[in-house]
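K.L.:
Sequence plus predicted model, see below.
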Amino acid sequence: MSYLEYTVKSVPTGFRKILHLNWPLALLLASVCGVGFLMLYSVAGGSFTPWAEPQMKRFGLGIALMMIVAMVPIWLWRNLSGVAYGVSLLLLVLVAVIGDERKGSQRWLDLGFMDLQPSELMKITLVMFLAAYYDWLPAKRVSRPFWVLLPVIIILIPTALVLEQPDLGTSILLLAAGGGLMFLAGVHWAYFAAVIASAVGLITAVFQSRSTSWQLLNDYQYRRIDTFLDPAADPLGAGYHITQSKIALGSGGWTGRGFMQGTQSRLNFLPEKHTDFIFTTLAEEFGFIGAISLLGIYALIIVFCVITAIRNKDRFSSLLILGIALNFFLFFAVNMSMVMGLAPVVGVPLPLVSYGGSAMLVLLLAFGLVQSAHVHRPR
């Protein structure tokens with residue numbers, strides 16, 4: 001036995017778990033959060049208030065949560081996955097009954113010390129529950145119709161509740177993450193072909209239903225689609241936000257205008273510059289190099305998660321890690337596509353960079369689950 005092995009084995013169990021954490025992954029997450037603090041400081045005109053300081057406090061709380069979750073054995077989280085999903089579902093129902101309404105959407109619960117957005121929590125507990133379901137289900141039953149129907153219902157119930165808030169962006173993320181996990185679990189491709197065909201029919205129905213008694217989307221959601229298809233048709237109205245976003249992205253060039261020198265954000269041309277459109281501020285101030293660097297860090301986080309999942313011999317842990325990685329990928333892919341005009345504006349923030357307490361805390365809690373699976377993997 002080497003001196004290093006002796007030293008590690010002689011350390012108390014709790015400290016040994018800390019040594020076994022995936023520290024490169026933790027440092028990458030901290031780096032992304034650091035970028036967020038920097039941009040929130042910039043969009044506030046060189047002030048830690050009103051956004052950067054609260055976000056830094058939430059980061060400290062989130063890191064503590066991540067460490068606590070990581071120290072708990074992964075088998076306990078598997079056993080609690082059904083309870084976690086049920087609690088999230090109950091919170092979504094409470095939002096529909098007593099939730100706070102802001103800007104036409106009812107998405108938050110006022111807890112006194114913070115506002116909780118249960119749909120953010122559902123993104124993770126849905127993945128946990130589906131991973132536990134496929135860990136329990138024998139492989140030969142995965143593609144049988146009855147056993148495919150059950151996870152579909154598990155996905156559709158919270159999706160319908162979130163869509164009623166209304167929150168189209170999060171609804172799409174729930175469907176995509178749930179469907180992606182079913183595919184990773186081994187559900188036959190024919191089911192997904194049928195879903196794609198149905199989606200084409202649904203999209204057709206959405207457009208056909210416009211201005212009828214059975215209209216499937218709200219008017220503002222149709223306006224977002226119109227803006228996505230032709231933002232130049234109303235550059236000072238519905239297309240204003242995406243037009244200004246593209247101007248900010250293009251004006252950054254290769255190296256950017258410089259920190260706190262972005263005209264679009266400093267002069268308040270950008271909408272929601274501290275949440276949904278914060279990536280455009282980053283691209284304007286730090287240019288293509290800054291934007292691609294952030295994208296590279298995101299990609300490394302995904303790579304570390306995939307490697308951890310592949311090396312883990314526990315089915316629940318592997319599916320959980322891949323589900324969280326998929327959720328994280330969808331998060332930043334949808335946001336970046338949205339602000340670049342490649343997808344409709346659906347109100348999805350940039351993970352760990354945009355201002356938002358619920359999103360940051362839930363994401364760090366999710367990566368605590370990844371760390372728990374890494375620390376407690378079969379050796």
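P.N.:
Structure's in. What do you need?

K.L.:
Low-confidence ranges, the stretch 1-150 of the chain, go.
P.N.:
1-15 (pLDDT under 70).

K.L.:
Apply 90 and report the result again.
P.N.:
Residues of the stretch 1-150 of the chain meeting the criterion pLDDT under 90: 1-22, 42-51, 95-118, 120, 139.

K.L.:
Mind jotting down where the strands sit in it?
P.N.:
100-102, 105-110, 115-116 (DSSP state E, counting those that start in this stretch).

K.L.:
Would you map the strands across the stretch 201-350 of the chain?
P.N.:
Counting by DSSP E, counting those that start in this stretch, the stretch 201-350 of the chain contains no strands.

K.L.:
can you map out the helices along it?
P.N.:
Per DSSP state H, counting those that start in this stretch, the stretch 201-350 of the chain carries helices over the ranges 219-229, 240-251, 263-266, 278-311, 315-339.

K.L.:
With distance to residue 205 and mean neighbour count as new columns, can the strands of the stretch 1-150 of the chain be given to me in CSV?
P.N.:
For every residue, glycine as well, the C-beta is placed using N, CA and C. Below are the strands of the stretch 1-150 of the chain laid out as CSV (distance: least, CB to CB, whole Å; neighbours: other CB atoms under 10 Å):
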stretch, distance to residue 205, mean neighbour count
strand 100-102, 28, 11
strand 105-110, 24, 17
strand 115-116, 34, 18
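
K.L.:
Of all these, which one is nearest residue 362?
P.N.:
With CB to CB as the measure, strand 115-116 is the member of these nearest residue 362 (9.4 Å).

K.L.:
got the contact list for that closest one?
P.N.:
Residues from elsewhere that reach strand 115-116, judged by CB atoms under 8 Å, 6 or more residues apart in numbering: 91, 100, 108, 109, 357, 358.

K.L.:
Quickly check those residues for the two that are furthest apart.
P.N.:
Going by CB to CB, the pair spanning those furthest: 91 and 357, at 15.2 Å.

K.L.:
Quick check: residue 212 vs residue 139, distance?
P.N.:
Counting by CB to CB, to the nearest Å, the gap from residue 212 to residue 139 is 46 Å.

K.L.:
Local confidence estimate at the residue nearest to the spatial centre of the chain?
P.N.:
Residue closest to the average C-alpha location in the chain (CA atoms, centre = their mean): residue 331, at 3.9 Å. Looking at residue 331, its pLDDT stands at 90.

K.L.:
Turn the strands of the stretch 1-150 of the chain into TSV, columns for distance to residue 371.
P.N.:
Below are the strands of the stretch 1-150 of the chain laid out as TSV (distance: least, CB to CB, whole Å):
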stretch	distance to residue 371
strand 100-102	32
strand 105-110	27
strand 115-116	23
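
K.L.:
Nearest to residue 83, out of the ones you listed?
P.N.:
Of all those, strand 115-116 sits nearest to residue 83, with 17.3 Å by CB to CB.

K.L.:
And that closest one, how far out from the chain middle?
P.N.:
Relative to its parent chain, strand 115-116 has a centroid offset of 16 Å by CA atoms, centre = their mean, to the nearest Å.
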